[in-house]
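Q: Mind looking at a prediction? Sequence and model below.
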Amino acid sequence: MLHRIFSLGLAPSFFAAGFFFSSWDKALFLDAFGFTFKAYQGLFLLSALSLALPILFQRGIETILSPLRAPFALCFVALAFYNLGISPWSAFPLKSFLYSCWLLFDIGMVWLSTQILFRRLGAVWFARLIFGTLLFLSGIILMDYAAYPFGYRGGLIGFNQDIILNLMVSRPHAFASEPSYAAAYLALGLFTIGPFLLRNSKRKPLAALGLSMIAFAAIATTSRSGWAGLAFGSMILLALTIFAGKKIPWKILLRVALAIPVLIGIFLATTPKAQLENLNQSFVRGLFQGNDSSGNSRLKALSLAVEMAKETKGLGTGIGASYRYFKDHGGFDYDYQEKFGARQYGNEVIMSTWGQILAEQGAIGLLLFTLAAFFLLRSLWRKWKVEDSPLAFGSLTAALVFFGFMAMWLGNICRGDVWVWYSIWSAIAARGTKGLDNPGVTAI
């Protein structure tokens, strides 16, 4: 009885807290010896232990590890051990070893815990957790967005990047490391649960209002990758419906189509004219004129990734080691001109998951990551086709947005705010949601 109380009572609470804090990079963290340890890691560890120990005593370790037979998980397990094995030959062996362990942590503590809990708690519990977390983060972003004209350039509650960039453009991002990660997190969550809430919610106007708030918060981050991700995902929703031969939900699509210009109009109306001009000059014109530091540096980083792959003969620099390799081979970083040291351990030079994998993990790493993406997308497609599940549909859309677009512009394969989505998408693909997200079961 004690085991059951420990497992069913504490594990969901620890997991919910871990998910809630999974996007927090700039709060609740500990820096040690040049590396950062975040609150969500400890919470997911507690969740995994409180799940695993009772199961281990009752049914054995095979029951715990059985979800790892999924092709997606097998690809990442192989990738983690591959990186672990070659870490002594990395350009930065210590970081490669720790990042390999971090990847194993993501698989064992985040992904595996999600699969076990999804069986017990069901799709609705996860949908509510996602919706509540996204609403909270959106509220923080919108409060900082509203406070910016009153002089809070660094954020009132969360963080605003303008205090660093000094572009006179509000870029709130709650507690994520930067606006791009905040926007990506919101957009992926929005697409994952959006179709489910619009179909199943008992209070559809409230659900629609909440989803609109999340979408507006993603727009308010002024992240171009976030904006493009929202547009890309909206097109995918329609394209998938047509391609799969499903009945097109014209009422929902019409509402979404009407909501988009309304949200853009609100953003333009509530943003001061001077700020809009700065936004246009710094983030739109600058990209086409070639003097935009962020956008153009990301494009240059992709060519740098190819060069590193060539120089290492397709083996890679070692996971997490591309920045050290860059500095050791004559690369110049304006912000860190001193000799490589602990202050630079967490730095990245390639702001792309696909690019980093190519540069750091070589051909083998790129193949395994591609296979993992393929297997996950295939599983979600099949689940949606068989069950007509709105959660499978939303997850498929979100996964396509991530692998097809966002992973090209956001780096670090180990990030927890991405692994929570891998985990939830995998659980939906594996377990399905039949009987849990039908029109008779309400989400909120």
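A: Received, thanks. Numbering: from 1, shown residues only.
Q: ok, now which ones touch Gly331?
A: Contact analysis of Gly331 by C-beta atoms under 8 Å, 6 or more residues apart in numbering lists Val349. To be clear about C-beta, it is placed using only N, CA and C from the backbone, and glycine gets the same treatment.
Q: Need the per-residue pLDDT for it.
A: Looking at Gly331, its pLDDT reads 80.
Q: hang on, it in a helix?
A: No: counting by DSSP: H, G, I helix; E, B strand; the rest coil, Gly331 falls outside a helix, being coil.
Q: From Ala342, how far out is it?
A: From Gly331 across to Ala342, the span is 18 Å (C-beta to C-beta, to the nearest Å).
Q: Mind jotting down where the helices sit in the stretch 1-150 of the chain?
A: With DSSP state H, counting those that start in this stretch, the ranges of helices along the stretch 1-150 of the chain come out as 2-5, 11-20, 39-59, 61-65, 71-86, 93-105, 112-147.
Q: Where does pLDDT dip in the protein?
A: Within the chain, the stretches with pLDDT under 70 are 1-8, 56-57, 59-60, 246, 248-249, 285-295, 432-444.
Q: What segments of it are strands?
A: 29-32, 35-38 (DSSP state E).
Q: Need the winner for burial among these.
A: By mean neighbour count, with neighbours taken as mean count of other C-beta atoms under 10 Å, strand 35-38 ranks first of these at a mean of 16.
Q: hang on, the earlier thing: would TSV of the strands of the chain with distance to Leu84 be doable?
A: TSV is the format used below for these (distance: least, C-beta to C-beta, whole Å):
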stretch	distance to Leu84
strand 29-32	21
strand 35-38	17
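Q: what about those strands, which gets the closest to Pro195?
A: Pro195 sits nearest to strand 35-38 of all the strands of the chain, at 30.4 Å, using C-beta to C-beta.
Q: mind checking how far that closest one is from the chain centre?
A: 18 Å (C-alpha atoms, centre = their mean, to the nearest Å).
Q: Please apply the same query to stretch 254-273.
A: Offset of stretch 254-273 from its chain centre (C-alpha atoms, centre = their mean): 25 Å.
Q: Relative to Arg382, tell me which of the helices of the stretch 1-150 of the chain wins on proximity.
A: Closest to Arg382 of the helices of the stretch 1-150 of the chain is helix 71-86 (C-beta to C-beta; 12.2 Å).
Q: Would you mind reformatting the helices of the stretch 1-150 of the chain (as CSV) and adding columns for distance to Phe159 and mean neighbour count while you're at it?
A: Formatted as CSV, the helices of the stretch 1-150 of the chain follow (distance: least, C-beta to C-beta, whole Å; neighbours: other C-beta atoms under 10 Å):
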stretch, distance to Phe159, mean neighbour count
helix 2-5, 39, 10
helix 11-20, 17, 21
helix 39-59, 16, 19
helix 61-65, 38, 13
helix 71-86, 31, 19
helix 93-105, 23, 20
helix 112-147, 8, 20
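Q: Tabulate those (TSV), appending distance to Asp417.
A: Listed next are these as TSV, based on distance: least, C-beta to C-beta, whole Å:
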stretch	distance to Asp417
helix 2-5	31
helix 11-20	10
helix 39-59	8
helix 61-65	25
helix 71-86	17
helix 93-105	13
helix 112-147	10
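Q: Of all those, which one is nearest Gly158?
A: Gly158 lies closest, by C-beta to C-beta, to one member of the helices of the stretch 1-150 of the chain: helix 112-147, at 4.4 Å.
Q: what's the closest one packed up against?
A: If contacts are counted by 3 or more C-beta pairs under 8 Å, 6 or more residues apart in numbering; DSSP states H and E, helix 112-147 sits against helix 11-20, helix 39-59, helix 61-65, helix 179-200, helix 204-220, helix 416-431.
Q: I'd like to know which of the ones you listed is closest to Val77.
A: Proximity to Val77 (C-beta to C-beta) singles out helix 61-65 among the helices and strands packed on helix 112-147, at 10.1 Å.
Q: Packing partners of the closest one?
A: helix 39-59, helix 112-147.
Q: where does it sit relative to the chain's centre, distance-wise?
A: Centroid separation for helix 61-65 versus its chain: 27 Å, with C-alpha atoms, centre = their mean.
Q: which outside residues touch it?
A: For helix 61-65, using C-beta under 8 Å, 6+ apart, the contacting residues are 51-52, 55-56, 112, 116.
Q: TSV please, covering these and showing distance to Ala392.
A: Shown next, in TSV, are these (distance: C-beta to C-beta, whole Å):
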residue	distance to Ala392
Leu51	24
Ala52	27
Ile55	26
Leu56	31
Leu112	20
Ile116	19
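Q: Which pair of these spans the longest distance?
A: Using C-beta to C-beta, the pair of these lying farthest apart is Leu56 and Leu112, separated by 12.9 Å.
Q: Distance to Glu311 added to the helices and strands packed on helix 112-147, as TSV?
A: Shown next, in TSV, are these (distance: least, C-beta to C-beta, whole Å):
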stretch	distance to Glu311
helix 11-20	39
helix 39-59	33
helix 61-65	38
helix 179-200	28
helix 204-220	38
helix 416-431	28
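Q: Ala123 is nearest to which of the ones you listed?
A: helix 416-431 (6.9 Å).
Q: which strands and helices sit next to the closest one?
A: helix 39-59, helix 71-86, helix 112-147, helix 179-200, helix 362-387, helix 390-401.
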